Structure formats: C-alpha cells, structure tokens
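Engineer: pasted the sequence and its predicted model underneath.
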Amino acid sequence: MAQIERILKKEEDLTIFNITGDLGFEEIIDLVDLVYSSEITLKILMDLSFADTTSLTGEQIEKIAKYSKKYSHLRIRGKTAYIIAKEVDYGLARMYQIHTELKGHHEAHGVFRSLEEAMIWLNE
C-alpha cells in the first residue's frame, strides 16, 4: 500500500505528490481522482522515486490513461512530471506518457530520473 503526501505551492502554481510503497491500479485511479478533487495547479510533480508500480500491466496502464483523460480539460497547457528511480517503473511511466499522447490529453506528461530535470521541464 502506498503512502501519498500532497504539497501545494500556490505561488508556483505547483502541486507535489511524494509517493512511497506499492502503488497498484486501484490506488492510481484513486490518486487521479485526488489530483482533480482538490485545488488544481498547472504544474504537478509526481515523485515516485520510492514507489513500486511493477504490479501494473500494460493493459492497466492504458486504462489509467483512458480514465484520466476525463479530467484533461481541467489543465489545458498544464504539465505533469514524473520522477522515477527504477528501470522497470521508468518503462511503465513512459508507456503511460505515450498513451496520454495517443489519447489526446490536453496537458503534457514528462518522465524524468531526477528532481532537477523534472523542475527544469516544468518551468519551461
């Protein structure tokens, strides 16, 4: 079970989610709802450096992208950066990024290995 910490930085129009532990399909669906049920910022940083998403399947990744599309119109020109430490999780996050592009999400998604890279991209 994952632990999720949410930090809102209004002055930067940024929400940070620090996620640790096992993050499965249902928890990700709940996380998507959480993101859009609270104050929405244009920039979101999902730090998954200490999370484990290896239980996810390719089919579930596609379902998550399809599910989150219903909220996409709320963050037109928004950006979500994912920080991923482990190789397998990185591949799954890239798969999600590709599905969001194919499904026409209005916000951009980027997958990074470090906080520095993610923040540079978010602030471009």
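Structural biologist: Good, I have the coordinates. Worth saying up front: this structure is predicted, and the values here are computed from it rather than measured. Numbers count the residues shown, from 1 in each chain.

Engineer: strands of this structure, residue ranges please.
Structural biologist: Assigned by DSSP state E, the strands in the chain fall at 3-9, 14-22, 43-52, 79-83, 108-112.

Engineer: so which elements touch the third one?
Structural biologist: In this structure, strand 43-52 packs against strand 14-22, strand 79-83, helix 87-102, helix 115-122, with contacts taken as 3 or more CB pairs under 8 Å, 6 or more residues apart in numbering; DSSP states H and E. C-betas here are computed from N, CA, C, even on glycine.

Engineer: deepest-packed of these, please.
Structural biologist: strand 79-83 (a mean of 23; mean count of other CB atoms under 10 Å).

Engineer: run the chain-centre distance for it.
Structural biologist: With CA atoms, centre = their mean, to the nearest Å as the basis, strand 79-83 stands 6 Å off its chain's centre.

Engineer: in the sheet, which strands lie alongside that strand, parallel or antiparallel?
Structural biologist: Counting by DSSP bridges, the strands paired with strand 79-83 are strand 43-52 (parallel), strand 108-112 (parallel).

Engineer: which residue comes closest to residue 99 once chain neighbours are left out?
Structural biologist: Spatial nearest neighbour of residue 99, excluding adjacent residues (CB to CB, 6 or more residues apart in numbering): residue 65 at 3.5 Å.

Engineer: next, format the strands paired with strand 79-83 as CSV and append distance to residue 28, mean pLDDT and mean neighbour count.
Structural biologist: Shown next, in CSV, are those (distance: least, CB to CB, whole Å; pLDDT from 0 to 100; neighbours: other CB atoms under 10 Å):
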stretch, distance to residue 28, mean pLDDT, mean neighbour count
strand 43-52, 10, 96, 20
strand 108-112, 14, 97, 20
